Structures are given as structure tokens and as C-alpha cells.
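*Asks:* coords please:
(one chain, ligands or ions: 1)
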Amino acid sequence: MIKAKRQTCQQCAKPLSTCYCHLLEKKANAWPVCLIQHLNESSHAKGTARIAQLSLKNLRTIQLGDREPFTPPENDSDFWCNPVLIYPNSENRDIAELVGTSPRPLVVLDGTWRKSKAMLLSSPYLQSLPKYSFETERPSRYRIRKASSPDFLSTLESIVAILETLEGTGNDYAQMLEVMDWMVTTQLGFINSTNP
Ligand SMILES: [Zn+2]
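*Replies:* Next comes the predicted model:
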């Protein structure tokens, strides 16, 4: 049997039947975000991190190869001014301490916990950054977290939680989570209907 080639959306990389682009809202985040992804995990481009990439105007993504230590790009020094690393760990300071201060670039490691740790350990630059943790209270997302890969979801949910903490009511980022809910629900429905 020859499989028909699925048509995919060029923007969100989803099959047209589950494309979520009509739900996206662009937000001008005051605190810039840099997502650092491991190349081997480039499927993240199709996960929920993609929603952040398509929703936030002030976001850039850097992809790292295997054992490639991260260093900030030399041609982008304006962005890399006084960044902080988001790294959930009880020993790190709480991101809430930065509320009310001037926006700084937020470096977010997008990968499994193990990959994120490896990216941190391989980069003296990342290790030198001030590290901040955060707390979030979104119990209603638990169902969805269980339904899909926690790694994808934690990246998007982390970014939303951090921006909401830092920017208060300046921007409404809830739509990013709405898109995530819709994407997961649509995918689950699709899987259930094709694999009864
Ligand atoms: Zn799309």
C-alpha cells in the first residue's frame, strides 16, 4: 500500500487537519526570550515550543549540535545584554525577584531534563549566568500534561508562567495555552479516531 503524503502547514508544521494557526495571537513580549534547542530534538519544532515561537514577537531560537557548548552569537550583542538563565531548581532564585526591574533576555533550555542539564554542563557561558527558578499554579493543565510529552509542555508553560510573573497584566499570554489545549485535544481526537 502506498501511503499518501500528508499535507502539512508550512507555519506550524502540523497536518492541515490539525493546523492551529488560526488560533495564534502575536504578543509583543517585553522580556525577550531565547530558546536553546538541541538539534537531535528538533521534533520540538513540531511540539508546543513551536506555539511560543509563533506567538512571541520577541523570541529567537538557537539550535545546538551534539556536545556543542553554547556561546552567544557575536553578531547579536544587543540581545545578549545581561541575560538570565531559567533553570528550575530549588536552589535557584525565584524569578519573582525580578518583577519591576528592567527587562533582560530570558534564556530557556528547550529539551528533556537530561538534555537541558547536558547543555548547561557543556557551556561555561550558561553556567556563568544568574539562574532563576519559578513557580506556577496551573493544576488544570495536569490532564494535558499526562496526555502528551511533559518536555514539550513544560517549555511552553514555563515561558507563559515566567512572562505572566514578570509582566503582570501587561500582556495576556493565556491564548498560548489555549492553542496548546486545542492542539493536544485535536491530536488526541485524531489518534483516537484512527486507532480505536
Ligand atoms: Zn498551521
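
*Asks:* Run a quick neighbour tally on residue 8.
*Replies:* Using other C-beta atoms under 10 Å, the number of residues around residue 8 comes to 15. Backbone N, C-alpha and C define where each C-beta goes, glycine included.

*Asks:* So it is in contact with residue 18, correct?
*Replies:* No: applying C-beta atoms under 8 Å as the test, residue 8 and residue 18 come out as separate, 9.5 Å apart.

*Asks:* Residue 109: which element?
*Replies:* strand 106-110 (DSSP states H and E).

*Asks:* With only the CA atoms kept, save stretch 99-115 in CSV.
*Replies:* What follows is stretch 99-115 as a C-alpha-only set of coordinates in CSV (Å, rounded to 0.1, in the frame of the first residue of the first chain):
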residue,chain,number,x,y,z
VAL,A,99,9.4,41.9,38.9
GLY,A,100,9.6,45.6,38.4
THR,A,101,13.2,45.6,37.1
SER,A,102,14.2,46.4,33.5
PRO,A,103,13.6,43.5,31.1
ARG,A,104,16.5,41.2,30.5
PRO,A,105,16.8,38.3,28.0
LEU,A,106,15.4,35.1,29.4
VAL,A,107,17.4,32.1,28.3
VAL,A,108,15.2,29.0,28.2
LEU,A,109,16.6,25.5,27.6
ASP,A,110,14.2,23.5,25.5
GLY,A,111,14.7,19.8,25.9
THR,A,112,14.3,16.9,28.2
TRP,A,113,15.6,17.5,31.7
ARG,A,114,18.6,15.3,30.9
LYS,A,115,19.4,17.2,27.7
